[in-house]
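Enquirer: Have a look at this prediction, sequence included:
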Amino acid sequence: MNSHDDANDVVITGYGLINPLGHSPELFYQGLAENRSAVSWIDPLEGVDGQRWTGALIRDFDPKLHVQPRKTIKVMCREIQLAFAASMQACKMANLSAGIVEPDKLGTVFTGEIIMSDIEDMLETVQMCSKDAIMNHSLWGVTAMDQIHPLWMLKSLPNMAACHVGIALDARGPNNTITTENTSGLVATMEAMNVIRRGKADVMIVGSSASRTCFSRLLQRYEEDYSHSDQDPSAACRPFDARRAGAVPAESSASIVLERRSHAVARNATIVGTIDAFANVFCGAPKRWAGAQQATENAIQTILGRSGLTVKSIDHVNSAANGSIAFDSAQSHGIRNTLGQVPVVSYQGAIGDSISGSGIIELIASLIGMQQGHIAPTVNHERTAEDCPIEVISGGPKPRTASHFLKLSNTPHGHCAAVLVRC
């Protein structure tokens with residue numbers, strides 16, 4: 001860790017995650033370093049014909065091992081349980097618990113998106129309102145009111161992750177939920193930084209949790225960028241590769257603890273990274289991903305201007321490339337035009353794309369790599385496509401060579417968020 005004198009720097013003192021590659025940061029990064037993919041076939045849904053999906057699922061997650069008090073599990077859907085688990089991991093690493101921080105100076109900010117109900121939650125009620133697979137909507141009002149648990153909606157509200165974590169830690173500071181799709185994780189990080197810089201908090205818990213693999217969502221909408229390959233699912237997502245054919249849906253949860261440097265030093269917390277600059281830009285365009293290149297260039301130029309760094313200080317770019325034809329090309333051109341041949345990595349070949357859940361967990365991957373002195377490679381990348389003019393970290397880990405890394409996230413509509421981290 002480089003020395004720095006600014007007591008008001010925002011630093012990272014903890015991180016945690018629950019992910020398809022593992023239920024801890026150690027297992028997660030081991031999988032990345034070993035070039036493994038967690039993408040597999042999603043088990044078919046009984047009664048739904050002709051559907052075969054690939055995805056990166058979190059398997060064998062037991063909320064009883066992670067959520068206390070256990071009675072709160074019944075008012076948490078899966079995504080919120082995952083968010084709570086990742087946050088408690090991060091707090092344990094940061095040596096945080098209720099009472100460690102003045103309650104009014106401890107806050108939470110999480111990502112959010114529409115949380116789809118599990119089919120099992122509604123199956124019996126729907127069956128009671130249908131005959132021969134035809135829904136009788138006239139029965140719904142009466143039947144649903146009798147059958148659905150009165151706290152059903154409370155389980156799945158997107159802002160409840162921040163609320164449950166705040167209650168567990170007695171965090172009475174700012175509490176917020178960011179909903180900007182793919183960029184949500186980094187925008188939540190920026191929001192938490194601004195809260196600390198304004199003096200409204202000394203510590204902020206930043207988290208994300210999302211599932212794009214639940215059957216309700218897959219039945220409702222299978223994204224146009226998703227791979228439709230019927231080959232080996234573990235190789236379905238190939239970021240920047242000449243044979244890339246699309247993204248794959250995923251679920252994940254991750255959390256980081258952000259803290260004012262002076263506060264972290266005063267309580268002898270271990271500092272694992274410092275966020276030196278961020279950028280949040282938008283370049284709208286009528287066509288999907290058409291604004292991604294310009295938004296990426298503008299974000300990187302803003303980061304360099306605000307930090308005063310040169311390209312030589314950036315060890316690597318942690319990209320959001322997901323294997324889609326249009327986006328991978330657009331982002332790679334944006335990186336090349338501003339940073340030249342700074343090495344680039346994407347971890348979505350290993351863990352898929354959980355949209356609002358992707359940014360923070362990918363940032364943690366680079367944090368761990370910088371700590372260990374080597375950056376895990378891009379899984380499934382064999383030959384860089386001609387329309388992606390960058391140096392891709394692939395095959396094996398890359399030794400760390402510089403002080404900073406840059407994390408990028410983009411939406412299809414022209415929003416780019418960027419965070420520059422010093423380790």
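Expert: Thanks, I have the structure now.

Enquirer: Could you give the number of residues near Glu26?
Expert: 10 (other Cβ atoms under 10 Å). Any C-beta I mention is one placed from the backbone N, CA and C, and that applies to glycine too.

Enquirer: Pretty sure Asn337 is one of the things Ser297 touches, is it not?
Expert: No Ser there; residue 297 is Glu. Yes - at 5.6 Å, Glu297 counts as touching Asn337 under the criterion of Cβ atoms under 8 Å.

Enquirer: More neighbours: which of the two?
Expert: Glu297 (21 against 15).

Enquirer: Leaving aside the residues adjacent along the chain, what's closest to the more buried one?
Expert: Residue nearest to Glu297 in three dimensions, not counting chain neighbours: Gly334, with 4.6 Å by Cβ to Cβ, 6 or more residues apart in numbering.

Enquirer: Kindly confirm my reading that Ser209 forms part of a helix.
Expert: No - with DSSP: H, G, I helix; E, B strand; the rest coil as the criterion, Ser209 is located in strand rather than a helix.

Enquirer: OK, contacts around it?
Expert: By Cβ atoms under 8 Å, 6 or more residues apart in numbering, the residues touching Ser209 are Glu79, Ile80, Leu82, Ala83, Ala86, Phe110, Thr111, Ala161, Ser252, Ser253, Ala254, Gly357.

Enquirer: Now do the buried residues in the helix or strand where the fifth one lies.
Expert: Right, Ala86. Using DSSP states H and E, Ala86 sits within helix 78-93. By neighbour count on 16 or more other Cβ atoms under 10 Å, the buried set for helix 78-93 is 78-91, 93.

Enquirer: Can you name the next helix or strand after that helix?
Expert: Once the chain leaves helix 78-93, the next helix or strand it forms, by DSSP H and E, is strand 106-111.

Enquirer: Buried residues, the helix or strand just after that next one. List them.
Expert: Moving toward the C-terminus from strand 106-111, the next helix or strand (DSSP H and E) is helix 119-128. Neighbour-count burial for helix 119-128 flags Asp121, Met122, Thr125 (criterion: 16+ other Cβ under 10 Å).

Enquirer: Just the local confidence number for the first one, please.
Expert: What that stands for is Asp121. Here the pLDDT value assigned to Asp121 is 76.

Enquirer: So it is in contact with Trp152, correct?
Expert: Yes - if you go by Cβ under 8 Å, Asp121 and Trp152 touch, sitting 6.7 Å apart.

Enquirer: quick one: terminal-to-terminal distance for stretch 276-288?
Expert: 31 Å (Cα to Cα, to the nearest Å).

Enquirer: Show me what it is in contact with.
Expert: 183, 186-187, 189-190, 193, 224, 291-292, 294-295, 298-300, 302-303, 306-307, 309, 326, 404, 412-422.

Enquirer: pLDDT (mean, whole number) over that stretch?
Expert: If you average the pLDDT over stretch 276-288, you get 94.

Enquirer: So what's the residue count around the residue nearest to Cys129 when sequence neighbours are not counted?
Expert: Distances taken as Cβ to Cβ, 6+ apart place Leu139 nearest to Cys129, at 4.3 Å, with adjacent residues excluded. Counted with other Cβ under 10 Å, residues neighbouring Leu139 total 14.

Enquirer: Make sure Leu139 is indeed in a helix.
Expert: Yes - per three-state DSSP, Leu139 lies within a helix segment.

Enquirer: wait, it sits on Met128?
Expert: Yes - using Cβ under 8 Å, Leu139 makes contact with Met128 at a distance of 7.2 Å.

Enquirer: where along this structure do the helices fall?
Expert: Taking DSSP state H to define them, one finds helices in the chain at 25-33, 78-93, 119-128, 140-147, 152-155, 160-169, 184-197, 215-220, 261-266, 292-307, 325-339, 348-351, 358-372.
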